[in-house]
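K.L.:
After the sequence you'll find the predicted model.
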Amino acid sequence: MNAAIADVLIPLALDTAYSYAVPAGLDLAEGDVVQIPLGPRETVGVVWGLRDGAAGSNLRKVTARIADEGMAPPLRRLVDWIARYTLAPKGSALAMALRLPEDGPRTETAKVGVRATGAAPSRITAARSKVVAVAADGAVRGKRALALESGVSAGVIDGLIDDGVLETVTLAPERVAEPPDPDHPHPPLSGPQRTAAEALIATLTAPPAGGGPAGEGGVTLLEGVTGSGKTEIYFEAVAEAVRRGVQSLVLMPEIALTAQFLDRFTARFGARPAAWHSGIGGRRRERIRAGVLAGEIPVVVGARSALFLPFRHLGLVVVDEEHEAAYKQDDGVCYHARDMAVVRGKLENAAVVLASATPSIETRVNAARGRYRRVVLPERFGGRRLPEIRAIDMRREAIPRGRYLSPTLTAAVAETNARGEQALLFLNRRGYAPLTLCRACGHRYQCPNCSTWLVEHRFRRALVCHHCGHAERRPDACAECGTVDSLTACGPGVERIAEEVAATFPDKRVIVLSSDFPGGAERLRAELQTVAEGGCDIVVGTQLVAKGHNFPLLTLVGVLDADIGLASGDPRAAERTFQLLQQVTGRAGRGEKPGRALVQTYQPEHPVIAALISGDAERFYEEETAAREVAGLPPFGRLAALIVSAAEREAAEAHGQALARVAEPPPGVMVLGPAEAPLALVRGRHRFRLLVKAEREIDIQSYLRDWIARGPKPRGNVRVAIDVDPQSFL
DNA sequence: AGCCACTTTGTA
DNA sequence: ACAAAGTGGCTG
């Protein structure tokens, strides 16, 4: 007997499945994709549940089943899990897994982005000007992303498109996959590489083709410096998965999904993999989806959205460069693809491999606690070692006022250049000076919207807020007392360092690299190329230089102020700083010659600095965990963020007080904030974060959900996203 | 009031 | 997603 009522989840921002009557003669199963009426129109949805009941009521009817193949239980469970974990509406989570054929005889509808045309709006409003300011750099962004970044709602963007201020652009597609050959001839692995590959293969849950025991799955951290052959090693696990007839997914941060990587894959397997990323659209997208669903495509290499492909027999998930921030999705459903990969792996009973040269702190902790296996590659293939890192104690260096390069570092740069090698001076601060004040009256230039100082950008002759993007002309006279030429720049930014470097090394070629690089992405890429080819002696850069482009001639990294960020009040400051500095210093000596790093600091004994110098990440998190305990901060993997959508920013601010006074936290749970406001919302970029400490295993999401429901309802949608690893909730 | 731009709500 | 209803500023 057929069920009378189907609960259908619709891929819209709805948190509950809607109930429909099942018409006589339609035999539905859970997971079936169906067409249903919704309001005045017809939509698709997925049968999330079936039950018997009095169907004769006022329910509308399911129109039809529209696909032969339904959504498999593990993928449905993933949708449920992600919705629950990220506190996103279930329907939104479903939408990620249901990128259906963009129905009808659709030709080439690739991903659509928008960018500024340069035309002025016919009508200017506060919301519009925010968008125009953000889009002014000419970069292409997704509609949602632009709306969120500008702090406006999507309607504004549409309005600006109609007005001709923004134009839509589509990205071009390429071609589909060939079957990979696991036994394609390839260069042999070294002994240690072979051992590591065996260790990964031993975790595969699919039984070996020739009989024998299967592995037990779980998560393995594959750790090894750049050049140690991580990719070749996990390729062996992929090859074995192919032999065993299960599918593999290799996740990469979007930027790393390059032709170069696909070429390496082709060299190993004699065929191009199916590549999946947001730019792939239309027929190609549909063919890959269908191939994956049918089990005909054994290997997919993709960006984070590949996580939701309907694999038939998923046996292996590899997350390459697992520490990459690009795995975080920040608009729509906020999730971390690395963590969701772990979850999917668990639900599918697939082995998971996390690969990185500089694993994230969360992953290190999980490995140290035995939740993840750990495979470490001893050193770089070819015997290269990590750069030697030393601290420069700034309390002992004699530096004139207004100068920031210590004599020790200056000498090292000169020495390096004399050998024909490059030096990188790293300072994580854009612009010329982080604070401008009037010498006459002491007035400090502050952002009208945020509580931050305006940063001087001498090149642009502007004062800029790095928080909200607000910019104003740098005045000639003090806005407060009117004194002319009284403004002083306090502290260094990269522009100022470049000035100092130019004065100290007048005959050297200096390049400044920062994310606000004038001339946009094209010119930036050209500059990076110049550096790589040796067309420059000294690079001055912000965190932009922490990753990406390889600079083979770079042998010295000087960190100008390692202490930046350590006192930022963000409970994750320490781990963020550690990771950033580890990546930056690791850039030295990637070529033939060995590298070294010098780190200017006023607190060489600080755990983060000490760990960086010793290269002992394990000690760092041990000490950091202890320090957090003393400070009453949550341990790693226990931070949650309450995020109020950008559109409701103003409203949220008005209700901040109310929110802050809401609800008594339940026992064992503590909401962190400044001491004077224990439940305060901490301002982040276009959002508010609320930090929650849990002393026991709790479900932070449902706690927050209750917490919000119990208090006075804040106006608008309050979405909550969790910034932790999911291990503790599995 | 009426208009406009934008936000919020509801869809079973 | 999309359409309908609501909000709040502005105008004359």
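P.N.:
Here it is on my side, so go on.
K.L.:
so what's residue A:217 closest to, chain neighbours aside?
P.N.:
In space, residue A:217 comes closest to residue A:205 once its chain neighbours are excluded; the distance is 4.4 Å by Cβ to Cβ, 6 or more residues apart in numbering. Every residue, glycine included, has its C-beta placed from N, CA and C.
K.L.:
With residue A:183 instead?
P.N.:
Using Cβ to Cβ, 6+ apart, the nearest residue to residue A:183 is residue A:239, at 7.6 Å.
K.L.:
Which element, helix or strand, includes that neighbour?
P.N.:
Using DSSP states H and E, the element containing residue A:239 is helix A:230-243.
K.L.:
Pull the distance from that helix to the chain's centre.
P.N.:
Between the mean C-alpha point of helix A:230-243 and the mean C-alpha point of its chain there is a distance of 25 Å (Cα atoms, centre = their mean, to the nearest Å).
K.L.:
helices or strands next to whichever helix or strand comes after it in the packing?
P.N.:
Secondary structure here is assigned by DSSP H and E; on that basis, the next helix or strand after helix A:230-243 toward the C-terminus is strand A:247-251. Where contact means 3 or more Cβ pairs under 8 Å, 6 or more residues apart in numbering; DSSP states H and E, strand A:247-251 is packed against helix A:230-243, strand A:299-302, strand A:314-320, helix A:337-348.
K.L.:
any residues touching strand A:247-251, and which ones?
P.N.:
Counting by Cβ atoms under 8 Å, 6 or more residues apart in numbering, the neighbours of strand A:247-251 from elsewhere in the structure are A:234, A:237-238, A:241-242, A:273, A:292, A:295, A:297-304, A:306-307, A:309, A:311-320, A:327, A:337-338, A:341.
K.L.:
what do you get for stretch A:214-222?
P.N.:
For stretch A:214-222, the external contacting residues (Cβ under 8 Å, 6+ apart) are A:196, A:199-208, A:230, A:233-234, A:322, A:342, A:345-346, A:349-356, A:359, A:363-364, A:366-367, A:371-375, A:377.
K.L.:
so of those, which ones are in helices?
P.N.:
With DSSP state H as the criterion, helices contain A:196, A:199-201, A:230, A:233-234, A:342, A:345-346, A:363-364, A:366-367 from among these.
K.L.:
And chain A, what are its domain boundaries?
P.N.:
Here chain A is described, according to automatic domain parsing, as comprising the domains A:3-71, A:115-168, A:191-382, A:385-429+A:492-625, A:637-724.
K.L.:
ranking those by burial, who's on top?
P.N.:
The highest mean neighbour count among the domains of chain A belongs to domain A:191-382 (a mean of 20), with neighbours defined as mean count of other Cβ atoms under 10 Å.
K.L.:
Determine whether any part of it lies close to DNA strand B.
P.N.:
No - Domain A:191-382 stays out of contact with DNA strand B when judged by Cβ under 7 Å from any atom of the strand, the minimum separation being 14.3 Å.
K.L.:
Is that domain in proximity to DNA strand C?
P.N.:
No - judged by Cβ under 7 Å from any atom of the strand, domain A:191-382 makes no contact with DNA strand C; its nearest approach is 8.3 Å.
K.L.:
Tell me the one of the ones in helices among the contacts of stretch A:214-222 nearest residue A:403?
P.N.:
Looking at the ones in helices among the contacts of stretch A:214-222 and their distance to residue A:403, the nearest is residue A:364, at 37.1 Å (Cβ to Cβ).
K.L.:
May I ask you to confirm that that closest one is in contact with residue A:617?
P.N.:
Yes - contact between residue A:364 and residue A:617 holds when scored by Cβ atoms under 8 Å: they sit 5.9 Å apart.
K.L.:
could you dump the helices and strands packed on strand A:247-251 to JSON lines with mean pLDDT?
P.N.:
Compiled in JSON lines, the helices and strands packed on strand A:247-251 are given as follows (pLDDT from 0 to 100):
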{"stretch": "helix A:230-243", "mean pLDDT": "97"}
{"stretch": "strand A:299-302", "mean pLDDT": "96"}
{"stretch": "strand A:314-320", "mean pLDDT": "98"}
{"stretch": "helix A:337-348", "mean pLDDT": "94"}
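K.L.:
Now the one residue in chain A that gets nearest to DNA strand C: which helix or strand?
P.N.:
Shortest chain A-to-DNA strand C distance, computed as Cβ to the nearest atom of the strand: residue-wise this is residue A:12, at 4.3 Å. Taking DSSP H and E as the definition, residue A:12 sits outside all helices and strands.
K.L.:
Name the SS class of the nearest residue to it once chain neighbours are set aside, please.
P.N.:
For residue A:12, the nearest residue in space outside its immediate sequence neighbours is residue A:91; the separation is 4.7 Å by Cβ to Cβ, 6+ apart. Reducing the assignment at residue A:91 to three states with DSSP: H, G, I helix; E, B strand; the rest coil gives helix.
K.L.:
Can you name the residues that contact the residue in the stretch 251-400 of chain A that DNA strand B sits nearest to?
P.N.:
When distances are taken as Cβ to the nearest atom of the strand, the stretch 251-400 of chain A reaches nearest to DNA strand B at residue A:332, 14.3 Å away. Contacts here follow Cβ under 8 Å, 6+ apart; on that basis residue A:332 touches A:88, A:92, A:96, A:144.
K.L.:
if you set the cut-off to 10 Å instead, what comes out?
P.N.:
Going by Cβ atoms under 10 Å, 6 or more residues apart in numbering, residue A:332 touches A:13, A:86, A:88, A:92-93, A:95-96, A:142, A:144-145, A:148, A:719.
K.L.:
Noted, bye for now.
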